[in-house]
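1. Could you look at this predicted model? Sequence included:
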Amino acid sequence: MTVIIGAGTTVTSDKISSGFVSVSFTLSPQVERLFQLGEFDAFDVNVTTQESASITSYGGASTPVSLAPSTSCDDSTARMDVVITPAPCTGAVDQISRTGSNALFITGFSYSKDFQGFGQESWSLTGKPIIEGFTGSIAFIQGFSEGNRITGSDIVSNDGLVLVDSKTSTPGQVDATGRNLSVSAGSPGLGNDDLQDFGRVTQIGGGVGKEDGKRGTSTASIPHQLVFF
């Protein structure tokens, strides 16, 4: 299929109600070929397929997701149901549905907004590897999430992050605060002088859409680890 028509393509998610800006989905097989002496033909082939997706949506349309490191060998709770129905110019529609036990895991989040216009949220998603011939069980456990945000009087009221300190998880406290100053010469010579907080992230999503005269930037990393048994 040559072209997917954006106006006809639909996306649904249990964490985002509307306002989808862009979506991508990748199914990437990794082929490992085993060879033996005296033969050009492979002795065997191992195939591991990895699914990943990314979604960008306008702020004000998502449901916050709580983050907590796994304390057992159970799948992470940071998951998102996603259904993508593309609209090709030619050929049949091949819907992508990852819901329920096949829902994708959230591995990254970011929010951005300029002084004018709507804020946008970006979500990075991944699935468990699909290993051909594997008969065991795989758990995808969640690790310690961390992130950062800019702060100040001209920053939005909600940038989609709940940030706390790593030792006590106390709201309003962070691990460290940095500063970024950038000004350009000219008439007028404008720039920014921002404080940037760093800490543990306990919740993502729910950033504001339109908030005139305010801006914001935040990002979070949600690590996950495979456990085979």
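-> Okay, I see it.
2. What count of nearby residues applies to the residue nearest to residue 104 when sequence neighbours are not counted?
-> Spatially, and ignoring its direct neighbours in sequence, residue 104 is nearest to residue 125 (3.8 Å; C-beta to C-beta, 6 or more residues apart in numbering). To be clear about C-beta, it is placed using only N, CA and C from the backbone, and glycine gets the same treatment. Residue 125: 22 surrounding residues under other C-beta atoms under 10 Å.
3. same deal with the one 5 residues further on?
-> The number of residues packed around residue 130, counting by other C-beta under 10 Å, is 14.
4. So residue 212 sits against residue 114, correct?
-> No - counting by C-beta atoms under 8 Å, residue 212 does not reach residue 114; the two are 11.1 Å apart.
5. Comparing the two, which shows the higher neighbour count?
-> The residue with more neighbours, out of residue 212 and residue 114, is residue 114; 12 against 7, by other C-beta under 10 Å.
6. Just list whatever residues bridge to the spatially closest residue to the more buried one that is not a sequence neighbour.
-> Sequence neighbours aside, residue 215 is the residue nearest to residue 114 in space, at 5.4 Å (criterion: C-beta to C-beta, 6+ apart). Bridge pairing for residue 215 (DSSP bridges) gives the partners residue 155.
7. Show me the shaky parts of this structure.
-> Flagging of the chain using pLDDT under 70 yields the residue ranges 1-2.
8. What does the residue of it most remote from its centre show for phi and psi?
-> Within the chain, residue 38 marks the point farthest from the mean C-alpha position, 46.8 Å out by C-alpha atoms, centre = their mean. Dihedral angles phi and psi of residue 38 (degrees, to the nearest 10) take the values phi 80, psi 0.
9. OK, contacts around it?
-> Contacts for residue 38 (C-beta atoms under 8 Å, 6 or more residues apart in numbering) come out as none.
10. ok, it to residue 31 distance?
-> 22 Å (C-beta to C-beta, to the nearest Å).
11. likewise residue 211?
-> Counting by C-beta to C-beta, the gap from residue 211 to residue 31 is 48 Å.
12. Those two: who's more crowded?
-> More crowded of residue 211 and residue 31, by other C-beta under 10 Å: residue 211, with 19 against 11.
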